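Novice: Below are the sequence and a predicted model; questions follow.
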Number of protein chains: 2
Amino acid sequence: MKKKVSIHDIAKALHLSAATISFVLNGKADEKKISGDVRKKVLDYIKKVGYQPNMIAKSLRTGKSNIIGMLVEDIADPFFSGISRGIESIAYHHQYKIFFASTENDVEKTRTLIRAFRERQVDGYIIAPPPGVEEEIQALMDDNVPVILFDRYLPVLNTSSVIVDNYAGAYQAVKHLKENGYAHIAFITLQSEQTQMMARLQGYHKAMEDRDCTPLVARIPYELSHHDSAAQLVAAFIKANDHIDAIIFATNYLAINGLRAISSLGLTIPENIAVVGFDDNTHFNLFSPSITAVAQPIEEIAQEVVLQLLSALSDEKENKKRRTVTLPVKLVIRNSSFPKAKLEQIHTETSVMKNS
Amino acid sequence: MKKKVSIHDIAKALHLSAATISFVLNGKADEKKISGDVRKKVLDYIKKVGYQPNMIAKSLRTGKSNIIGMLVEDIADPFFSGISRGIESIAYHHQYKIFFASTENDVEKTRTLIRAFRERQVDGYIIAPPPGVEEEIQALMDDNVPVILFDRYLPVLNTSSVIVDNYAGAYQAVKHLKENGYAHIAFITLQSEQTQMMARLQGYHKAMEDRDCTPLVARIPYELSHHDSAAQLVAAFIKANDHIDAIIFATNYLAINGLRAISSLGLTIPENIAVVGFDDNTHFNLFSPSITAVAQPIEEIAQEVVLQLLSALSDEKENKKRRTVTLPVKLVIRNSSFPKAKLEQIHTETSVMKNS
DNA sequence: CTATTCTTGTTAATCGATTAAGTGACGGAC
DNA sequence: GTCCGTCACTTAATCGATTAACAAGAATAG
């Protein structure tokens, strides 16, 4: 490492005191009545030597780090990486940097991460919490550290949070399928007590009940939902309940593995079975047939989260206010059939079929 | 904020000096010959009050932050979010935290981010650099700060880097298509001078040349590659060159928009046109027909990057060594035709078609 | 001409750790 | 009895900023 130039080095070089440099650098020149001469000398000099303030020293003194700690379930999940991207971008414009980390829904890892964030004095937290970290989050709030939960909340805690109307999303999904003539609609979800999962399940149940339909639910362990085994479980479920003519998947990974299952069984969508996914995936419209999905407003979630956090950071009183924002979801209906024209084309060209 | 307990508070409470506490906490108890009595007293006390060291103070004193700064093009891109996830996970086990940020391939933003990282004294950098930040990166190296580039490198700089064999990937893609009877293979890439893009293009050119084929290349501006306009450009390109019977897409976003274009033209894969993508996407195998792709070894890239960085961090001498690791890519061949059986099924069931 | 008020800075404490150097008490050697 | 070496800690400087309190000299007031 080269010797980095500190505020004292500047002071020495200009025959001034460190305090003066600090005042100029922090826009307190007026308040502290620093002369124009000196201001210019300081500004010119720091430009010349390329002075970079040491935020660590600043943080130690002021107690503010200008860092936000963000905990998501999995940064590689398109839903979370999309939100992260939005949050990072907005926070950046407000001089905040973000620490990202993936909890993997693991309580112990989450605890460790919160502890690591605290040690680094992050100013605020954005968390998609796994159940089991209630104590740690309560401790943060007891210390007046701003915390915003998103995607889900912790029922026993009175926190600020940004969620979506999962209940309505699931309800609409059932309604949509019913209106299109599907009779036996199953719901495949995770073995999870998380609020967003419960709300989806409840929306499904209520919609089925309102139509005097018998619900049929499969619950898959979270750990398996990202892997091939989820596809196998779904396939077994479909085989065991062959009257099913539609499935709602409660997460995007489940939907993707569900599609694998459906494909492996030689079933086609929407002729043999209809599908609605949760968490719209940009790629869903490329699947052939493309998939209808309950889309969450990624951008709005990011905006709302940052908005709430900034307000809590700006003002102790704001931070004491607890607000829960519920954003609407949108059912993105995709005409997932093969258009006639296309079908015929496929048919007529079969003779010249090649592999890519 | 509640009063947090500092090392001095502990010292006062136990009638010891701050130094003693520090020694016990840092495993220097033996070296400094601290008695068993005192050790126990200290350890018990910190457990009791839940002492959390202030890493900011520690960083200020030691000059080490245990933070790695990571700059990717776009954290929402599955390729980058996958690598980020891997790197975060490995780094975590070595007590390093990661600062993520998206450059959006914007030079000015990248400069600002590097500056922000420097101000926070990050210990090392992992960067997928846009061209134009050579000076900043050289400055880091001049100051002996460890830097590892990945995905691409900067030709004028002698840095450590982890890349993949893009040249071979493109070459194999052409070879594969040729062997399957495709004659007119186009290459759609970005308007970009980045090394990974150039290597892919060169691999394509060489493979075409080796087979006495005339290359046909389209270059799309990076800014458009994520949007619908890319699909329109690709569609126009295909229409203008209707003898094309195969396309290699040089990035995953291009491939996805290319598929939209192909679909919008009413063409089918692989009957009318064959497609190979770069950057395998987990979802490519769900597209119907599924897409053959040049897959990058995400996990290995993450591992190799962290390995190199940790070694550079551990030792000044290691850091002076510059090494470039080139990992192999894998052509993931997917049988992307509609199996006969399925085609017939689609055909026979058209009569009962529904929408989902 | 002295007293008071501005101007324009400076001094020094502080944030919470780390660590080189120092110190008092005790034991053993000669 | 003096000298020296351990033992078991303590003192104090330091990292690079911020900021309340203070101060020297010029300007103005009375």
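Specialist: Everything's here; your move.
Novice: Check which helix or strand the spatially most central residue of chain A maps to.
Specialist: For chain A, A:Phe80 is the residue whose C-alpha lies nearest the centre (Cα atoms, centre = their mean; 3.4 Å). Under the criterion of DSSP states H and E, A:Phe80 resides in helix A:78-93.
Novice: near chain B, anything from whatever helix or strand comes next after that helix?
Specialist: Following helix A:78-93 in sequence order, the next helix or strand is strand A:97-102 (DSSP H and E). Yes - judged by Cβ under 8 Å from any Cβ of the partner chain, strand A:97-102 and chain B are in contact via A:Lys97, A:Ile98, A:Phe99, A:Phe100, A:Ala101, A:Ser102. No exception for glycine: its C-beta is placed from N, CA and C like everyone else's.
Novice: Tabulate the residues you listed in CSV, adding columns for distance to A:Glu193, neighbour count and pLDDT.
Specialist: Below are the residues of strand A:97-102 next to chain B laid out as CSV (distance: Cβ to Cβ, whole Å; neighbours: other Cβ atoms under 10 Å in any protein chain shown; pLDDT from 0 to 100):
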residue, distance to A:Glu193, neighbour count, pLDDT
A:Lys97, 33, 22, 93
A:Ile98, 28, 21, 94
A:Phe99, 27, 22, 91
A:Phe100, 25, 27, 92
A:Ala101, 23, 23, 94
A:Ser102, 20, 23, 95
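Novice: what would the residues you listed look like in a markdown table with distance to B:Ala293?
Specialist: Shown next, in a markdown table, are these (distance: Cβ to Cβ, whole Å):
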| residue | distance to B:Ala293 |
| --- | --- |
| A:Lys97 | 34 |
| A:Ile98 | 31 |
| A:Phe99 | 33 |
| A:Phe100 | 27 |
| A:Ala101 | 29 |
| A:Ser102 | 25 |
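Novice: hang on, the earlier thing: ok, and what's touching the helix holding A:Phe80?
Specialist: A:68, A:70, A:72-75, A:97-98, A:100, A:126, A:128, A:150, A:252, A:279, A:281-282, A:296, A:298-299, A:301-303, A:305-306, B:74-76, B:78, B:81, B:100-102 (Cβ atoms under 8 Å, 6 or more residues apart in numbering or on different chains).
Novice: Next, the angle strand A:97-102 makes with it.
Specialist: Between helix A:78-93 and strand A:97-102, the angle comes out at 160 degrees (axes from the mean of the first three to the mean of the last three Cα atoms, to 10 degrees).
Novice: what is the rounded mean pLDDT of helix A:78-93?
Specialist: For helix A:78-93, mean pLDDT is 95.
Novice: just to revisit the earlier point, so which of the residues of strand A:97-102 next to chain B also contact DNA strand C?
Specialist: Subset of the residues of strand A:97-102 next to chain B in contact with DNA strand C: empty, counting by Cβ under 7 Å from any atom of the strand.
Novice: how near is A:Val42 to B:Val325?
Specialist: 46 Å (Cβ to Cβ, to the nearest Å).
Novice: Please identify which of these two sits among more neighbours.
Specialist: Each of A:Val42 and B:Val325 has its neighbours counted (other Cβ atoms under 10 Å in any protein chain shown); A:Val42 has more, 23 against 17.
Novice: Show me how chain A divides into domains.
Specialist: Using the TED database, the domains assigned to chain A come out as A:7-53, A:65-159+A:299-326, A:166-292+A:333-349.
Novice: worst average pLDDT in those domains?
Specialist: Taking the mean pLDDT of those, domain A:166-292+A:333-349 comes last: a mean of 86.
Novice: burial measure for A:Lys33, as a count.
Specialist: So A:Lys33, with other Cβ under 10 Å, has 8 neighbours.
Novice: my bad, should have said A:Ser35
Specialist: Neighbours of A:Ser35 using other Cβ under 10 Å come to 10.
Novice: which parts of the stretch 1-150 of chain A sit against DNA strand C?
Specialist: Residues of the stretch 1-150 of chain A lying near DNA strand C (Cβ under 7 Å from any atom of the strand): A:15-20, A:23, A:32-35, A:37-38, A:57, A:60-61, A:63.
Novice: rerun at 6 Å
Specialist: A:16-20, A:32-35, A:37-38, A:60-61 (Cβ under 6 Å from any atom of the strand).
Novice: just to revisit the earlier point, ok, and the closest non-adjacent residue to the residue nearest to the centre of chain A?
Specialist: Spatial nearest neighbour of A:Phe80, excluding adjacent residues (Cβ to Cβ, 6 or more residues apart in numbering or on different chains): A:Val72 at 4.0 Å.
Novice: and the residues of the stretch 1-150 of chain A next to DNA strand C as JSON lines, adding secondary structure and distance to A:Thr112?
Specialist: What follows is these, written out as JSON lines (DSSP: H, G, I helix; E, B strand; the rest coil; distance: Cβ to Cβ, whole Å):
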{"residue": "A:Leu16", "secondary structure": "coil", "distance to A:Thr112": "45"}
{"residue": "A:Ser17", "secondary structure": "coil", "distance to A:Thr112": "43"}
{"residue": "A:Ala18", "secondary structure": "helix", "distance to A:Thr112": "38"}
{"residue": "A:Ala19", "secondary structure": "helix", "distance to A:Thr112": "40"}
{"residue": "A:Thr20", "secondary structure": "helix", "distance to A:Thr112": "43"}
{"residue": "A:Lys32", "secondary structure": "coil", "distance to A:Thr112": "44"}
{"residue": "A:Lys33", "secondary structure": "coil", "distance to A:Thr112": "49"}
{"residue": "A:Ile34", "secondary structure": "coil", "distance to A:Thr112": "46"}
{"residue": "A:Ser35", "secondary structure": "coil", "distance to A:Thr112": "52"}
{"residue": "A:Asp37", "secondary structure": "helix", "distance to A:Thr112": "53"}
{"residue": "A:Val38", "secondary structure": "helix", "distance to A:Thr112": "48"}
{"residue": "A:Leu60", "secondary structure": "helix", "distance to A:Thr112": "23"}
{"residue": "A:Arg61", "secondary structure": "helix", "distance to A:Thr112": "28"}
